[in-house]
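Chemist: need the 3D shape of this:
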Amino acid sequence: MQLWFKDVRAWSRMWKLLIVHFFFVTASHGMLDAMTDGGLGVAFFAPFDNSRYFFPWRPVLVSPIGFAPFFSRYGFDVLLSEFVWIWLPVGVLVGSMRFWKAFTR
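Modeler: Numbers count the residues shown, from 1 in each chain. Below is the predicted model of the structure:
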């Protein structure tokens, strides 16, 4: 972490918060991939088990591979589904937390 966060000392409160943050970012990536409607699935238990899994509910469209397909109508539909099912709920959650924090002081 010293490459980007040079001012953060090891074992400080900010260092621990960054560790927790990056843990959840990394864990959520696999969970969000398991919510897509395509691909091979997610190897949650790799390298111990090579089985791949999807969640039963998969509302997010799988992103196309390549530059040209991404900038197509389907690529736009993918971005729209990611906005609706990922970014909008995250925005509501973060906004609610900030609202709650502002009014509970």
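Chemist: below-threshold pLDDT in this structure: ranges please.
Modeler: In the predicted model, the chain carries pLDDT under 70 at residues 1-3.
Chemist: beta-bridge partners for the residue nearest to G30 when sequence neighbours are not counted, please?
Modeler: Spatially, and ignoring its direct neighbours in sequence, G30 is nearest to V42 (5.1 Å; Cβ to Cβ, 6 or more residues apart in numbering). Just so you know, the C-beta spots here come from the backbone N, C-alpha and C atoms, and that holds for glycine as well. With DSSP bridges as the criterion, V42 is bridged to Y53.
Chemist: dump the residue contacts of V42.
Modeler: Each residue near V42 by Cβ atoms under 8 Å, 6 or more residues apart in numbering is listed here: 30, 33-34, 52-54.
Chemist: so what touches the helix ranked longest in the chain?
Modeler: Ranked by residue count and defined by DSSP state H, the top helix of the chain is helix 13-33. With contact meaning Cβ under 8 Å, 6+ apart, helix 13-33 is reached by 1, 5, 8-9, 39, 42, 44, 55, 60, 86.
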